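> How does the following fold in three dimensions:
(chains A and B)
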Amino acid sequence: MSACEIRRDEWIAFLGRELDADRDKALLGHLDSCRSCRDEVEALRVLFGEADALGEETRAVLASVDWEALPSRIAARLPEQDRPTPRPAARLRALVWSPRLRPAWAGLLAGIILGGAAVFFALRKPSGRGATADFFASADFLDRVELELTRRQTLDYLDKSQYLILDVLETPAGGGRAGSSALASREARDLITRKKYLNPQLDRFRMAKAKDLCDQIELLVFELTQLSPEVSAAEVGRIQAMVRDWQLLMKIRLVKKELEQSEV
Amino acid sequence: MEHRDGRTVGVDREISALMARVKEGDKDAFQDITRQYQRKVFVLAYAFFRDREEALDIVQETFLRLYEKAALFREGEDFQGWLFRIARNLCIDSYRRARHRRADHVADARIEALPAEGADCEDAERRSDLRALFRAVLDRLADKQRTVFVMKHYNEMPYQEIARTLGIAVGTVKSLHFKAVRNLRKHLEPHMGMMS
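Numbering: from 1, shown residues only, chains lettered A, B, ... in the order given. Predicted structure coming up:
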């Protein structure tokens, strides 16, 4: 073993003439003054000499082989027919189905099956709603829809009532046929029918103010439908007084305004 | 000719063209390639086995394997490295099979049987024994160390080419070579007097 700072692998490189000129010269100079390194280099030189000697032996064996004949001898061992070149698709297939990739494919297949099952269960329709349900809507959503419909139907009812009341107020005090045509009109009967369907909705959504107003209008309309065709001036005056006393037109405007502002 | 990493682009092109023909099943191209590389493969195999016939078997098997696997060779790939990897793997497989057949203590026995330094024997006989000892120790090196040592000293390949052939870093090749030399010295040191 060399006792100085120069490593053995550097001496190997030195003997292999792998160092640059400066380093080579420095090591050569070092050898003059360092006995242990001289011994080291000498030992390596002998070692490599033995390797070279085996190399010479190899070269002697090399010379004994008939290299000209060998290629044709090997070629004679090839399959008789020209081997068809594997097509790219066949090579790709062989690569894809190689045993090394089988665990990966098995994992992928398992992942697809588990993922498919998870998606199936996640997206399956709730069994409680029946197989024929086309869609699902929450109860809260349905309530909001119904409230909005009630609001619109009430507004419509008040609009039509407003026109009818204006018609009543414009009826001449003498009454007669003009008044009776308005009072017994189809609109009055229509309003009674509408009110019948509106009542439960107004109760359900606790629209008390609108409900009270609609009840008063209903009463007025009912009175109108009870009038005889040849209505007297007194009866017209009584009906008009009812409208004014109850302040129906003002109430209708206020409630309409509230309903319009409370759009769902 | 244009040079690249110690090899010629012209040789690469020629080999690529020949390999393309081998892929098509062209036996003439196959023989051309065999003719160009058979000696190099033989030297590698002979260093492993130091047996002419066994090395020739490896040469034949290597080129038959080349023909089988020609479709897997990619154009532009380092052909010599690819071929040497086939040869080296065949050597290692064959070497391991042979080693199982032999008694492991043979090499040791041969080392022990060597005459000690200064023994009174003829110089020629001592040299012959020493060569046998060197072979025995080389034979017992780890596969990679032996491969690197053989490629370096018998095939006279530079470190870079060995690295490319074995698919490892140049630094690793140098390290393996150093370890091979160190182990050879360690076993041969008691008999170094015979070598000088």
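> residue ranges for the helices of chain A, please.
Residue ranges of the helices in chain A, as given by DSSP state H, are A:8-15, A:21-33, A:35-63, A:70-76, A:88-96, A:102-123, A:139-169, A:176-183, A:186-204, A:208-226, A:233-246, A:248-261.
> So is the shortest one next to chain B?
Yes: applying Cβ under 8 Å from any Cβ of the partner chain, one finds helix A:70-76 touching chain B at A:70-75. Where you see a C-beta, it was placed from the backbone N, CA and C, and this is true even at glycine.
> Setting aside sequence neighbours, what's the nearest residue to B:L176?
Leaving aside its chain neighbours, B:L176 sits nearest to B:V148 (4.3 Å; criterion: Cβ to Cβ, 6 or more residues apart in numbering or on different chains).
> Next up, identify which helix or strand that neighbour is on.
helix B:143-153 (DSSP states H and E).
> show me where pLDDT drops low in chain B?
Residue ranges of chain B with pLDDT under 70: B:1-11, B:99-128, B:192-196.
> if you set the cut-off to 90 instead, what comes out?
Within chain B, the segments meeting pLDDT under 90 span B:1-16, B:25, B:43-51, B:73-78, B:80-81, B:84-85, B:88, B:91-144, B:146-168, B:185-196.
> show me where it has helices.
For chain B, applying DSSP H gives helices covering B:9-23, B:27-49, B:52-68, B:79-101, B:105-113, B:123-139, B:143-153, B:159-166, B:170-188, B:192-195.
> Redo the helices of chain A as CSV? Include mean pLDDT and mean neighbour count.
CSV is the format used below for the helices of chain A (pLDDT from 0 to 100; neighbours: other Cβ atoms under 10 Å in any protein chain shown):
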stretch, mean pLDDT, mean neighbour count
helix A:8-15, 83, 18
helix A:21-33, 87, 12
helix A:35-63, 85, 16
helix A:70-76, 93, 16
helix A:88-96, 68, 11
helix A:102-123, 88, 10
helix A:139-169, 86, 15
helix A:176-183, 51, 17
helix A:186-204, 82, 15
helix A:208-226, 85, 17
helix A:233-246, 84, 15
helix A:248-261, 88, 14
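> What separation do you get for B:K174 and A:A13?
8 Å (Cβ to Cβ, to the nearest Å).
> I should have written B:T34 there, sorry.
35 Å.
> now A:D245
In terms of Cβ to Cβ, A:D245 sits 123 Å off from A:A13.
> one step back: now do the contacts for the residue nearest to B:L176.
For B:V148, the contacting residues are B:162, B:166, B:173, B:176-177, B:180, by Cβ atoms under 8 Å, 6 or more residues apart in numbering or on different chains.
> Taking chain B, what residue is nearest to chain A?
For chain B and chain A, the shortest gap (Cβ to the nearest Cβ) falls at B:G25, measuring 3.1 Å.
> Contacts only, for A:S33.
By Cβ under 8 Å, 6+ apart, the contact set of A:S33 is empty.
> same check, this time on A:C37
Per Cβ under 8 Å, 6+ apart, neighbours of A:C37: A:2, A:4, A:6, A:11, A:30-31.
> As TSV, the residues you listed with distance to chain B would be great.
Output for the contacts of A:C37, formatted as TSV (distance: Cβ to the nearest Cβ, whole Å):
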residue	distance to chain B
A:S2	11
A:C4	17
A:I6	14
A:W11	10
A:H30	19
A:L31	17
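> between these, which is nearest A:F205?
The shortest approach to A:F205 among the contacts of A:C37 belongs to A:I6, at 101.5 Å (Cβ to Cβ).
> Would you mind measuring from the residue lying closest to that closest one once chain neighbours are set aside to A:V236?
Excluding its sequence neighbours, the residue lying closest to A:I6 (Cβ to Cβ, 6+ apart) is A:C37, at 6.0 Å. Using Cβ to Cβ, one gets 140 Å for the distance from A:C37 to A:V236.
> do the same with B:S94
To A:V236, B:S94 is 127 Å away according to Cβ to Cβ.
> if we can go back for a sec, what's around the residue of chain B closest to chain A, how many residues?
17 (other Cβ atoms under 10 Å in any protein chain shown).
> can you check B:R164 too?
B:R164, neighbours per other Cβ under 10 Å, totals 20.
> and the closest residue to it other than its chain neighbours, how many neighbours does it have?
Leaving aside its sequence neighbours, B:R164 sits nearest to B:G81 (Cβ to Cβ, 6+ apart; 4.9 Å). Using other Cβ under 10 Å, B:G81 is surrounded by 15 other residues.
> Tell me who's in contact with B:G81.
B:164-167.
> Distance check, it against B:G167.
Counting by Cβ to Cβ, the gap from B:G81 to B:G167 is 7 Å.
> check contacts around the most centrally placed residue in chain B.
With distances taken as Cα atoms, centre = their mean, B:L44 lies nearest the centre of chain B, 2.9 Å away. Applying Cβ under 8 Å, 6+ apart, we find B:L44 in contact with B:84, B:87-88, B:91, B:150-151, B:154-155.
> now, which of those residues lie close to chain A?
Restricting the contacts of B:L44 to those near chain A - Cβ under 8 Å from any Cβ - leaves B:Y154.
> Now do the contacts for the residue in the stretch 101-250 of chain A positioned nearest to chain B.
Nearest to chain B, among the residues of the stretch 101-250 of chain A, is A:L101, at 15.7 Å (Cβ to the nearest Cβ). Contacts here follow Cβ under 8 Å, 6+ apart; on that basis A:L101 touches A:L95.
> what does chain A put close to chain B?
A:8-9, A:12, A:18, A:42-44, A:46-55, A:58, A:61-62, A:64-65, A:67, A:70-75, A:77-78, A:82-86, A:91.
> run the last query once more with 7 Å
Within reach of chain B by Cβ under 7 Å from any Cβ of the partner chain, chain A has these residues: A:9, A:12, A:43-44, A:46-48, A:50-51, A:53-55, A:58, A:61-62, A:65, A:67, A:70-72, A:74-75, A:77-78, A:82-83, A:85-86, A:91.
> quick revisit: phi, psi for the residue of chain B closest to chain A please.
Backbone torsions of B:G25, given as degrees, to the nearest 10, read phi 90, psi 20.
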